[in-house]
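Student: Generate coordinates for the sequence data below:
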Amino acid sequence: MALEKYIRDIVDFPKKGIVFKDITPLLASSEATSECLQVLLESLNKQKIDKVVGVESRGFFFATLLAQELNAGFIPVRKPKKLPFNTISASYELEYGSDSLEIHIDAIQKGDKVLIHDDVLATGGTAKAVCELVEKLGGEIVQLNFIMELSFLNGRGKVKEYPVFAVITY
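Tutor: Next up is the predicted model:
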């Protein structure tokens, strides 16, 4: 299945000069969602995963599906002040600004095998920040999964010490 046809380009969103890759057509198709999930699962080569970390907010969709299929816990990483318990945070640069992310301090135990999932790998800043959070809590990163990679932004370079997989590469 050509999953690329389920990704819609939105020009000048969220600001002028950005071409946003919209996954909502993919999510609207149960067939495309199933196919994408299977590709993501196969990329893991049956490695043991204890926790799947999903990055706010589009990373949550497939991270929860992956966690269920892998019989693993789902861990949300969110923007500041969105999680109700004690957190740690990391700041990062986006292709169109800067932000920070938080994770609960008890979300990952030392030695947990962790899969990190987000919808897109762009400049790599978000992915690097999530890796820092996971490792601060003692997690061992097994792989970083993405639906899409915008290879022209060289984000993979910021997370080159980890296995990275993307279903679609632009």
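Student: Determine the three-state secondary structure at Val134.
Tutor: Here Val134 is recorded as helix under DSSP: H, G, I helix; E, B strand; the rest coil.
Student: Which helix or strand contains Leu66?
Tutor: Assignment of secondary structure by DSSP states H and E places Leu66 within helix 59-70.
Student: if I pick Phe13, what's in contact with it?
Tutor: Phe20 (C-beta atoms under 8 Å, 6 or more residues apart in numbering). C-beta: built from backbone N, CA, C; applies to glycine.
Student: which SS class is it?
Tutor: coil.
Student: Could you check how far it is from Ile141?
Tutor: 30 Å (C-beta to C-beta, to the nearest Å).
Student: Now the helix holding Leu66: buried residues?
Tutor: For helix 59-70, the neighbour count (16 or more other C-beta atoms under 10 Å) marks 59-63, 65-67, 70 as buried.
Student: Low-confidence stretches in the chain?
Tutor: Low-confidence regions of the chain, defined by pLDDT under 70, span residues 94-97.
Student: Look up phi and psi at the residue nearest to the spatial centre of the chain.
Tutor: With distances taken as C-alpha atoms, centre = their mean, Asp118 lies nearest the centre of the chain, 1.6 Å away. For Asp118, the backbone dihedrals (degrees, to the nearest 10) come out as phi -140, psi 170.
Student: didn't it look like it was pressed against Val55?
Tutor: Yes. When contacts are counted by C-beta atoms under 8 Å, Asp118 is listed as touching Val55 (4.0 Å).
Student: any common contacting residues for the two?
Tutor: Residues touching both Asp118 and Val55 comprise 126-127, 130, with contact defined as C-beta under 8 Å, 6+ apart.
Student: Make CSV from those residues and add neighbour count, secondary structure and distance to Lys81 to it.
Tutor: Putting the shared contacts of Asp118 and Val55 into CSV (neighbours: other C-beta atoms under 10 Å; DSSP: H, G, I helix; E, B strand; the rest coil; distance: C-beta to C-beta, whole Å) gives the following:
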residue, neighbour count, secondary structure, distance to Lys81
Thr126, 27, helix, 18
Ala127, 24, helix, 22
Val130, 27, helix, 18
